[in-house]
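A.B. asks: Just a sequence and a predicted model for now, questions to come.
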Amino acid sequence: MESFAALVDALVYTRSRNEKLRLIAEYLRRTPDPDRGWALAALTDGLDFPAVKASTIRNLMHERVDPVLWTLSRDFVGDTAETASLLWPEPERGAMTPPSVSEAVDLLLHMTRASVMSDLPRLLDRLDADGRYALIKLAAGAMRIGVSARLAKVAFAQAFEVPVEEVEEYWHGIDPPYAPLFDWAAHGKPPPDTENLPLFRPFMLAHPLEDTVVNLVDFVAEWKWDGIRVQLVHAGGETRLFSRGGDDITATFPEMTAALDFPAVLDGELLVRGTHQGGDAGGAASFNALQQRLGRKTVSKKMLGEYPAFVRLYDALIVEGEDLRDLPWSERRARLEALMARLPAERFDLSAVIEADHFEHLAEIREGAREEAIEGLMLKRRDSPYVAGRKTGLWYKWKRDPLLVDCVLMYAQRGSGKRSSFYSDYTFGCWDGEPDEGAELLPVGKAYFGFSDEELRLLDRHVRQHTVNRFGPVRETDKSLVFEVAFDSVHESKRHKSGLAMRFPRIHRIRWDKPAHEADRIEALQALVRD
Amino acid sequence: MRLCLTMAAPFSWIRPEPHGIYVSPADCWIDPSRAVGRALVTHGHADHARGGHGGTLATPATLAIMELRYATRDGATPVSYGETIRLPGGVDATFVPAGHVLGSAQVLLEHAGERVVVTGDYKRRPDPTCPPFEVTPCDVFITEATFGLPVFTHPPVADEIGKLLKALADHPGRCVLVGAYALGKAQRLIAELRAAGHTDPIYLHGAMERMCRLYEDFGVDLGELRLVSDHTKDEMRGSVVVCPPSALNDRWSRRLPDPFTAMASGWMRVRQRARQRNVELPLVVSDHADWHELTRTIAEVDPAETWITHGREEALLRWCQLNQRRARALALVGYEDEDD
């Protein structure tokens, strides 16, 4: 538990992704089985101990600490687990017998609602403050220390020098402490058998096209629909839906579970029925409509009726046990088309191939993407196999041109890692009326990329020289600098005072020359809303 | 028969005002936050030792620190530890070691048979740069409460120095940059590193040089110190660099070899505080009493009344209530210990 606690602490304080990877990889290499498996589970998916509830820790503390002192402490620290770890009576130095991670997990799993109030204290008494913090975080289920499942998988691959794609493939469907995964990666045993498990397969991704011109003899074009990329898997009698990061979102879209009833792994865009994208023929509602459905653990009948989901299929990876991933796209496409008859039309359709004679013709078609409320185009090599990640030259995304608006810098915040001495995160706003008649700026977005290192140095200097107020790590600047901000689209949002939220905002150009009063007004942005 | 006694209420000769503690018979202030005619100053931190008083009574080290800061010794009266000074109005003042920083003192005031101790800032841990806190019995104990919450337990300083030296060994191509309060914390940290056997040169931010020299003049050995501005990145690889907390994330640090950032402060006990500072290595080293020292000290001094000031008064007040001790919270302004 001590080395796990040290890892947790180091991860809390580390902002660099590479350093996080190094820390996790080193822990995984050094720690024996099954401790490292449990630790990995705690860091990523979280472990579920039914006897430990959010209230358990509070109740334990109320038995030991005056309630007024507890509340004052909790308010200052801001985190229940940490407050409890600090307030727990310190055991004698040297008298502690810290449990291993697996012993702690084992004890936690065997606690009941009746025994937890006496068993958990015995465990806490064996640890120092950092150990108690790690234990309480682990016991409560969610660590929330900035380690995504993806980061953990990359670290695992790094630790044992195995391909991350294979880690991703085997990871799902194996329960903590992932013994078969460690047997394979660390002990050289054969990889886990995954054929009859509803597993996530890593997605094939695309590079931005930028200035590349492709020949349509070699490449095929499809629309880039504005939903979320999903993978639908049926294996061993079960259907699961995974998001791009490999998160299981089956429960959020129950209507999709019954829709696939033969073994297959399909790649597509999850959308809601509507006419926003591409009109009647497009058949898909806006991303905002889909957003109503995202992030829910249970879904009401009303939701299902108002926002019916479907998957627009892009690709077929595995069908009836046959792995198609090494076949060229054109063959996979033929197999996918043949499959459509077996899939209910209510829940599936096929992402259409765009007919274009040549590249210039395609560019014209793309010009219409914004009118059609579609994100842009996808270009895929006709002979490309389905490979995990981004392989150069196979798939390209060609998004529609961004929207531009002139905003005024309002606040700047320090960055992290290499940028920690630079004010690199910018909040900007538009005028709510006529600037010469006392109008004010309302924040409309925040961006931290789109500029060069040299520009960052200049921006940093500007912020320092034009600070009018400081709030912790944030500086308010005088309202003098104009940014040309590029963004993909803008939506109404109750979360912001301006009532608007941008998607993918970035600094397109710094307008050192432009006076702030000539920046855009809120109405200009409102006119771009297309919901 | 009626007895007519004219007697002032207990302790009415000393009272908290928003800008400091006022001793009326002597017309003098303790650690006033604005310029006054006569001030008793407990220690040299800027929030206790303001410049511009008509007369200042303090220990020789505190006066030297104030002179360094304000470039004047006008009206300074040095008072040694243990020495008693008679103030106007029949008030006796004695300076007693507080163990906070070089020169730091508690002030014992005696008047009309009543004894009041003003602690200023203090700690109970050994500190190689100043004499230890002395428990002084009194009727009214006016205590600081910077870390007056039960979550604050400062670990043994040797553990924290060990973490610092381990980080140094783990990152040989980098330097470990430690943010530390320029008066007190920086010198104590260096002295503790020396005590732990670290004899390599330690690099200083320019703002710390004069204070370190002053400590050396008062007999505190800090070993070989070098200025960052005199050396190249390569020379500083594998070294400890000490700077004021404000310089940690400042442009200044760009001249250092890939610094691994640490901060030495009692606030580092709380993770979010360390994260707000962008610190990779929090070192819980404080020059203030932690919760256990605060409560233990009140119990040892065992005053009739405890007055609590600058810090988290509420929790310490609650502790006094729970332990049947008479206590009140003072609302003084202008004290900040964010960088301890």
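C.D. replies: Arrived safely, thanks for sending.

A.B. asks: and the residue of chain A at minimum distance from chain B, what pLDDT?
C.D. replies: Of all residues in chain A, the one sitting closest to chain B is residue A:86 (4.0 Å; CB to the nearest CB). For every residue, glycine as well, the C-beta is placed using N, CA and C. Per-residue confidence (pLDDT) for residue A:86: 95.

A.B. asks: any idea how far the residue nearest to it when sequence neighbours are not counted is from residue A:50?
C.D. replies: Distances taken as CB to CB, 6 or more residues apart in numbering or on different chains put residue B:151 closest to residue A:86, at 4.0 Å, once the chain neighbours are dropped. Relative to residue A:50, residue B:151 is positioned 29 Å away (CB to CB, to the nearest Å).

A.B. asks: Looking at these two now, which is surrounded by more residues?
C.D. replies: When neighbours are counted by other CB atoms under 10 Å in any protein chain shown, residue B:151 and residue A:50 differ, and residue B:151 comes out ahead with 25 against 11.

A.B. asks: Surely that one and residue B:272 touch.
C.D. replies: No: judged on CB atoms under 8 Å, residue B:151 makes no contact with residue B:272 at a distance of 11.9 Å.

A.B. asks: Break chain B down into its domains, please.
C.D. replies: Per the record, chain B has its domains at B:14-151+B:288-329, B:157-283, by automatic domain parsing.

A.B. asks: Quick one: mean pLDDT for the shortest one?
C.D. replies: Yep, that's domain B:157-283 we're talking about. Mean per-residue pLDDT for domain B:157-283: 94.

A.B. asks: Kindly state the pLDDT recorded for the residue nearest to residue A:86?
C.D. replies: Looking at residue B:151, the pLDDT reads 95.

A.B. asks: got the residue ranges for the helices in the stretch 51-200 of chain B?
C.D. replies: B:60-70, B:157-170, B:185-195 (DSSP state H, counting those that start in this stretch).

A.B. asks: Confirm that residue B:261 sits in a strand.
C.D. replies: Yes: under DSSP: H, G, I helix; E, B strand; the rest coil, residue B:261 falls within a strand.

A.B. asks: picking that back up, can you tell me which of the domains of chain B comes nearest to residue A:330?
C.D. replies: Comparing the domains of chain B against residue A:330 with CB to CB, the closest turns out to be domain B:157-283 (50.0 Å).

A.B. asks: The closest one: how far from the chain's middle?
C.D. replies: Distance of domain B:157-283 from the chain centroid (CA atoms, centre = their mean, to the nearest Å) equals 18 Å.

A.B. asks: That domain near chain A anywhere?
C.D. replies: Yes: Domain B:157-283 reaches chain A (CB under 8 Å from any CB of the partner chain) through B:249-251, B:253-254, B:269-272, B:274-276, B:278-282.

A.B. asks: hang on, the earlier thing: quick one: which helix or strand includes the residue of chain A closest to chain B?
C.D. replies: helix A:80-87 (DSSP states H and E).

A.B. asks: which helices and strands does that helix pack with?
C.D. replies: Packed against helix A:80-87 by the contact rule (3 or more CB pairs under 8 Å, 6 or more residues apart in numbering or on different chains; DSSP states H and E) you find helix A:54-64, helix A:67-77, helix A:129-140.

A.B. asks: which of the residues in stretch A:177-196 are buried?
C.D. replies: A:177, A:178, A:179, A:180, A:181, A:182, A:184, A:185, A:186, A:192, A:194 (16 or more other CB atoms under 10 Å in any protein chain shown).

A.B. asks: all helices for the stretch 201-350 of chain A, in order.
C.D. replies: In the stretch 201-350 of chain A, the helices defined using DSSP H, counting those that start in this stretch lie at A:254-257, A:279-282, A:287-291, A:301-306, A:329-339.

A.B. asks: one step back: JSON lines please, covering the helices and strands packed on helix A:80-87 and showing mean pLDDT, distance to chain B and mean neighbour count.
C.D. replies: Formatted as JSON lines, those follow (pLDDT from 0 to 100; distance: least, CB to the nearest CB, whole Å; neighbours: other CB atoms under 10 Å in any protein chain shown):
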{"stretch": "helix A:54-64", "mean pLDDT": "91", "distance to chain B": "11", "mean neighbour count": "14"}
{"stretch": "helix A:67-77", "mean pLDDT": "91", "distance to chain B": "5", "mean neighbour count": "17"}
{"stretch": "helix A:129-140", "mean pLDDT": "93", "distance to chain B": "8", "mean neighbour count": "24"}
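
A.B. asks: so which of those helices gets nearest residue A:95?
C.D. replies: Set against residue A:95 and scored by CB to CB, those come closest in helix A:129-140, at 13.7 Å.

A.B. asks: got the angle between the closest one and helix A:80-87?
C.D. replies: Compare the direction of helix A:129-140 with that of helix A:80-87 by axes from the mean of the first three to the mean of the last three CA atoms, to 10 degrees and you get 150 degrees.

A.B. asks: what sits up against helix A:129-140?
C.D. replies: Residues from elsewhere that reach helix A:129-140, judged by CB atoms under 8 Å, 6 or more residues apart in numbering or on different chains: A:1-2, A:4-6, A:8-9, A:42, A:47, A:49, A:52, A:54, A:57, A:81-82, A:84-86, A:88, A:90, A:98, A:101, A:104-105, A:108, A:120, A:123-124, A:127, A:143, A:145, B:153.

A.B. asks: give me that answer again for 6 Å
C.D. replies: A:1, A:4-5, A:8-9, A:42, A:49, A:52, A:81-82, A:84-86, A:88, A:98, A:108, A:124, A:127, A:143 (CB atoms under 6 Å, 6 or more residues apart in numbering or on different chains).

A.B. asks: Run the angle between that helix and helix A:54-64 for me.
C.D. replies: Using the same axes, to 10 degrees: helix A:129-140 against helix A:54-64 is 140 degrees.

A.B. asks: Just the residues of domain B:157-283 next to chain A: which are in strands?
C.D. replies: Among the residues of domain B:157-283 next to chain A, DSSP state E puts B:281, B:282 in strands.

A.B. asks: got a list of what residue B:108 touches?
C.D. replies: By CB under 6 Å, 6+ apart, the residues touching residue B:108 are B:94, B:96, B:117, B:136.

A.B. asks: of all those, which two lie farthest apart?
C.D. replies: B:94 and B:117 (9.4 Å).

A.B. asks: Taking helix A:67-77 as reference, get the angle to the helix holding residue A:86.
C.D. replies: Using the same axes, to 10 degrees: helix A:80-87 against helix A:67-77 is 120 degrees.

A.B. asks: and the closest residue in space to residue B:24 that isn't next to it in sequence, how many neighbours?
C.D. replies: Spatial nearest neighbour of residue B:24, excluding adjacent residues (CB to CB, 6+ apart): residue B:13 at 5.5 Å. Residue B:13 has 20 neighbours, counted by other CB under 10 Å.

A.B. asks: cool, residue A:455 as well?
C.D. replies: Neighbours of residue A:455 under the rule other CB under 10 Å: 14.

A.B. asks: quick one: secondary structure of it?
C.D. replies: Secondary structure assignment for residue A:455 (three-state DSSP): helix.

A.B. asks: Report the beta-bridge partners for the closest residue in space to it that isn't next to it in sequence.
C.D. replies: Closest residue to residue A:455 apart from its sequence neighbours, by CB to CB, 6+ apart: residue A:510 at 6.1 Å. Beta-bridge partners for residue A:510, by DSSP bridges, are residue A:483.

A.B. asks: give me the number of residues near residue A:510?
C.D. replies: Residue A:510, neighbours per other CB under 10 Å, totals 19.

A.B. asks: now do the one 3 residues further on
C.D. replies: With neighbours defined by other CB under 10 Å, the count for residue A:513 comes to 6.

A.B. asks: do the same with residue A:397
C.D. replies: Residues near residue A:397, counting by other CB under 10 Å, number 15.

A.B. asks: Likewise for residue A:218?
C.D. replies: Burial of residue A:218 is recorded as 13 neighbouring residues (other CB under 10 Å).

A.B. asks: show me the contacts for it.
C.D. replies: Neighbour list for residue A:218: residue A:381 [criterion: CB under 6 Å, 6+ apart].

A.B. asks: can you do 8 Å?
C.D. replies: A:381, A:382, A:383.

A.B. asks: I'm done for today, thanks for sticking with me.
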